[in-house]
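A.B. asks: build me a structure from this.
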Amino acid sequence: MPALRVILLWHQHQPFYKDLVTNEYRLPWTRLHALKDYYGMVKLLDEFPSVHQNFNLVPSLMVQIQDYAAGTAEDPFLRVAAKPAKDLSVEERRFALQYLFQANPQNLIGRYPRYRELWERFREHGDHPERAERYFQPQDFTDLQVLSQIAWFDEFFLEEKDIAALVAKGHGFSLDEQKLVIAREKELIGKVLPAHAEAAKKGSIEISTTPFYHPILPLVCDTNAGGVSSPGLPLPQSRFRHPEDAREQLVRGLDLHEKVFGMRPRGIWPSEGSLSEEVLAIAHNVGVQWMATDEGVLGRSTGSFFARDGGGRLPANLGEKLYNIHRYENGSTTMHLVFRDHTISDLIGFVYSGMPAADAARHLIGNIKEAARPVLERGRDAVVSIILDGENAWEYYPKSGREFLRRLYDELQRDKSVEAVTISEAIARHKDFGKLTSLVPGSWINANFNVWIGAPEDNRAWDYLHHAREFYAQNAARAAEAQRQLAFDEILIAEGSDWNWWYGPEHHSANDRDFDELYRKHLSNVYQALGAVAPDYLAQPITGAEVRPSFVPQTAYIHPRVTADKVRYFEWIGAAAYTADHRAGSMHGKQFLLDAVYAGIDSTHLYGRLDFTGKIPDADFELVVNIESWAAGEARPRRTLRVDVSAEKSRIKEWKIEGTNGSKMLATSASADEATKVALLRNFEFKLPLIWLLATPSASPAERAGAKSTAAATTKLRLRFSLWQNRLPVDSLPLEGWIELQVVSEGELLFGA
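C.D. replies: Numbers count the residues shown, from 1 in each chain. Purely as a prediction, here's the structure:
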């Protein structure tokens with residue numbers, strides 16, 4: 001019988017945040033993700049011994065983990081979190097407010113009521129630390145310092161007795177408890193790499209590596225590769241060509257893994273799945289046996305386009321090509337190649353977080369089987385490769401996605417028709433390899449390198465790297481060995497992919513300027529290490545103006561007509577508005593269909609509006625609006641409603657509004673009246689009575705404070721819009737958190753009185 005084998009590879013990576021000259025870490029994300037994800041992802045497999053997996057650990061991540069575990073890492077975020085609140089300077093208090101809320105609002109901040117309370121207080125003052133700082137007392141800061149760390153603790157760590165006691169306490173933490181949390185961080189981070197070593201030793205996982213500082217190897221070999229995968233792409237003024245650096249990055253990565261884990265990796269996930277024939281030759285020559293990348297690279301290399309039908313399935317001939325292991329042979333170079341199923345991998349990264357865990361796990365197993373079915377029916381083994389980021393996705397899942405993973409692994413363990421294997425196990429058991437004699441250079445993103453080269457910011461960064469590399473080549477021989485090594489290390493760090501991930505139009509984060517400054521600092525250190533002054537241009541930002549999603553609170557009552565046939569701009573003036581940012585941040589591949597949402601109240605109704613990116617989808621879809629009403633000081637919403645709209649051919653088929661906490665059906669498309677309207681034409685709009693949410697604005701704050709009725713006690717509404725296709729959540733706004741409305745009188749909105 002033909003076999004169905006599933007490869008799951010989790011890629012664990014953070015940029016190299018350390019400045020080698022000052023020994024300070026500019027950003028805290030290695031520490032926080034080491035606390036939150038890496039240990040538990042591996043330890044979870046102890047419960048499922050027959051589920052074998054692959055973990056790719058980037059070497060520059062590993063050395064940072066070692067640094068934190070040894071207690072030798074310094075970062076300003078950790079210093080502020082550890083300092084007694086009464087000793088914080090004004091600048092440090094503002095720093096804490098600016099950065100200690102950088103976490104997922106729903107699954108990290110929202111999990112802890114006191115953390116959420118402090119975050120909402122910060123938001124009430126416009127997310128401005130300078131305005132908010134005076135409204136936070138020392139105990140507020142201590143609670144923020146403690147909870148901003150615990151929120152990142154792994155689910156296994158949260159079960160430990162002392163940490164569980166702090167979670168149960170919830171607020172009013174002491175200085176000793178603050179010190180305990182900080183001390184435990186070092187201890188817990190120290191468990192990460194040993195857990196991987198133990199799992200690899202018993203065969204539960206295979207550990208692969210990446211070039212040391214996560215460079216895009218084809219571009220390090222030759223920036224002209226960008227023009228090969230995208231003809232006509234604007235390239236840097238100065239051609240960067242250093243295949244010797246690419247080899248060094250690979251060898252350093254292999255060496256570190258052998259030193260830490262006692263075994264040399266057989267395989268490589270090249271940074272961002274980036275491959276070229278030159279890279280394959282270098283990897284073969286240093287002993288690499290397999291490499292993995294995306295289906296798009298296979299498609300371009302074989303002249304195929306992996307087009308799926310409406311159910312997401314490939315035709316049998318394309319399935320046979322993708323669900324196979326290939327062997328590349330060209331001259332003296334040989335390499336086994338695994339190509340990820342882009343669609344299934346993205347379901348884990350972007351879709352299943354919006355579904356109940358059991359449904360998501362069943363859907364994934366069903367998807368895998370259905371994808372492989374045409375191949376198995378032809379009597380051939382099928383290898384379905386699922387490869388994705390193993391850290392960032394879990395912030396969007398409740399409790400770091402552990403329920404989803406447990407249900408998935410349980411299904412895999414019980415289903416005898418599916419084998420969950422390591423890549424080396426899959427290669428050893430495979431019989432009929434696909435043959436490749438050529439490869440078009442590309443990455444996992446659109447089978448090209450356009451994220452990292454081509455945009456003016458990207459090309460400027462490459463030019464600056466070229467100049468620093470040339471300066472090193474001309475001056476290193478005259479420097480002392482230690483300084484020469486420092487300068488070369490800084491070159492290798494600057495070759496990393498992460499800097500150009502944030503340059504250009506594709507991605508952004510709240511730390512764009514930090515990444516820009518750190519990149520230029522690494523290049524400046526090259527000159528400084530060799531006894532020279534860095535060029536003046538390295539003092540100037542490479543990145544352009546910062547772009548972020550925008551939120552505007554409601555400033556006046558609105559009374560729009562709900563028709564959706566055209567946007568009546570003036571009718572929505574004063575509404576709260578949230579405009580999407582279509583750059584994908586640390587995770588690439590998100591599908592954007594929603595552009596902006598608007599919401600507002602008058603004295604009797606709640607109104608909502610959703611604008612689409614481009615035209616309304618032609619394919620069938622559902623719109624869901626989740627609405628909550630909250631009373632001041634309460635830990636749970638007072639009432640929750642759900643607006644469900646089913647659309648066919650860009651028009652409403654039916655809709656309903658119902659309570660989600662035991663209340664009855666409130667309205668449907670078959671029983672609507674003038675008090676409730678739902679419309680979908682050029683955009684989507686609705687209105688519903690505030691009384692359904694137990695929300696009636698009071699005339700003044702004093703009147704509201706003294707109110708005895710349930711309705712008048714409601715002070716806030718929260719809304720989230722989402723679009724679903726094939727029963728899967730495709731896009732939502734806001735992507736994180738909610739759009740919020742204060743239930744107050746119009747005078748209070750207008751004048752704050």
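
A.B. asks: CA only for contacts and neighbour counts going forward, please
C.D. replies: Fine.

A.B. asks: average model confidence for stretch 275-295?
C.D. replies: Across stretch 275-295, the average pLDDT comes to 98.

A.B. asks: how about it as CSV, C-alpha atoms only?
C.D. replies: Coordinates of each C-alpha in stretch 275-295 appear next as CSV, following Å, rounded to 0.1, in the frame of the first residue of the first chain:
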residue,chain,number,x,y,z
LEU,A,275,17.9,28.9,-3.0
SER,A,276,19.9,29.1,-6.2
GLU,A,277,22.1,26.6,-8.0
GLU,A,278,25.2,28.4,-6.6
VAL,A,279,23.8,27.9,-3.1
LEU,A,280,23.1,24.2,-3.7
ALA,A,281,26.7,23.7,-4.9
ILE,A,282,28.1,25.4,-1.8
ALA,A,283,25.8,23.4,0.5
HIS,A,284,26.7,20.1,-1.1
ASN,A,285,30.4,20.8,-0.7
VAL,A,286,30.0,21.4,3.1
GLY,A,287,28.1,18.1,3.6
VAL,A,288,24.5,19.2,3.6
GLN,A,289,22.2,16.3,2.5
TRP,A,290,18.8,18.0,2.2
MET,A,291,17.4,21.5,1.8
ALA,A,292,13.8,22.7,1.9
THR,A,293,12.0,25.6,0.2
ASP,A,294,8.5,26.6,-1.2
GLU,A,295,6.4,25.1,-3.9
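
A.B. asks: shouldn't residue 599 be in contact with residue 574?
C.D. replies: No. Residue 599 is beyond contact range of residue 574, at 9.3 Å (criterion: CA atoms under 8 Å).

A.B. asks: so the two - more neighbours on which side?
C.D. replies: residue 599 (27 against 20; other CA atoms under 10 Å).

A.B. asks: and the more buried one, its phi and psi?
C.D. replies: phi -150, psi 150 (degrees, to the nearest 10).

A.B. asks: test of understanding: give the bridge partners of it.
C.D. replies: Residue 599 has the following beta-bridge partners by DSSP bridges: residue 576, residue 608.

A.B. asks: what ranges in the stretch 151-300 of the chain fall below the confidence cut-off?
C.D. replies: Residues of the stretch 151-300 of the chain meeting the criterion pLDDT under 70: none.

A.B. asks: break down it into its helices, ranges please.
C.D. replies: 155-158, 161-169, 175-189, 192-201, 217-221, 225-229, 243-261, 277-285, 295-302 (DSSP state H, counting those that start in this stretch).

A.B. asks: and of those, who's closest to residue 412?
C.D. replies: helix 192-201 (18.3 Å; CA to CA).

A.B. asks: now do that closest one: distance to the chain's middle.
C.D. replies: How far helix 192-201 lies from its chain's middle: 25 Å, per CA atoms, centre = their mean, to the nearest Å.

A.B. asks: residues of that helix that come out buried?
C.D. replies: 192-193, 195-197, 199-200 (16 or more other CA atoms under 10 Å).

A.B. asks: give me the beta-bridge partners of residue 385?
C.D. replies: residue 7.

A.B. asks: ok, it touching residue 346?
C.D. replies: No. Between residue 385 and residue 346 there is no contact under CA under 8 Å: 12.0 Å.

A.B. asks: circling back: redo the helices of the stretch 151-300 of the chain as a markdown table? Include distance to residue 390.
C.D. replies: Output for the helices of the stretch 151-300 of the chain, formatted as a markdown table (distance: least, CA to CA, whole Å):
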| stretch | distance to residue 390 |
| --- | --- |
| helix 155-158 | 15 |
| helix 161-169 | 24 |
| helix 175-189 | 17 |
| helix 192-201 | 14 |
| helix 217-221 | 21 |
| helix 225-229 | 27 |
| helix 243-261 | 18 |
| helix 277-285 | 24 |
| helix 295-302 | 19 |
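
A.B. asks: can you say which of those is packed in most?
C.D. replies: helix 217-221 (a mean of 27; mean count of other CA atoms under 10 Å).

A.B. asks: could you say what helices and strands it packs with?
C.D. replies: helix 225-229, helix 243-261, helix 277-285 (3 or more CA pairs under 8 Å, 6 or more residues apart in numbering; DSSP states H and E).

A.B. asks: closest one to residue 135 among these?
C.D. replies: When the helices and strands packed on helix 217-221 are compared (using CA to CA), the closest one is helix 243-261, at 47.7 Å.

A.B. asks: gap between the closest one and the chain center?
C.D. replies: 27 Å.

A.B. asks: still on that earlier bit, out of residue 385 and residue 346, which sits in the busier spot?
C.D. replies: residue 385 (28 against 20).

A.B. asks: contacting residues for that one?
C.D. replies: 6-9, 323, 338-341 (CA atoms under 8 Å, 6 or more residues apart in numbering).

A.B. asks: quick one: which of these is nearest to residue 174?
C.D. replies: Nearest member of the contacts of residue 385 to residue 174, counting by CA to CA, is residue 9, at 41.6 Å.

A.B. asks: name the element that closest one belongs to?
C.D. replies: strand 4-12 (DSSP states H and E).

A.B. asks: may I see the buried residues of that strand?
C.D. replies: Neighbour-count burial for strand 4-12 [16+ other CA under 10 Å]: 4-12.

A.B. asks: rebuild these as TSV, extending it with pLDDT.
C.D. replies: Converted to TSV, the buried residues of strand 4-12 look like this (pLDDT from 0 to 100):
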residue	pLDDT
4	98
5	98
6	98
7	98
8	98
9	98
10	98
11	97
12	97
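
A.B. asks: of these, closest to residue 449?
C.D. replies: Nearest to residue 449 among these, with distances taken as CA to CA, is residue 11, at 18.9 Å.

A.B. asks: show me the beta-bridge partners of the closest one.
C.D. replies: According to DSSP bridges, beta-bridge pairing links residue 11 with residue 56, residue 389.

A.B. asks: thank you, goodbye.
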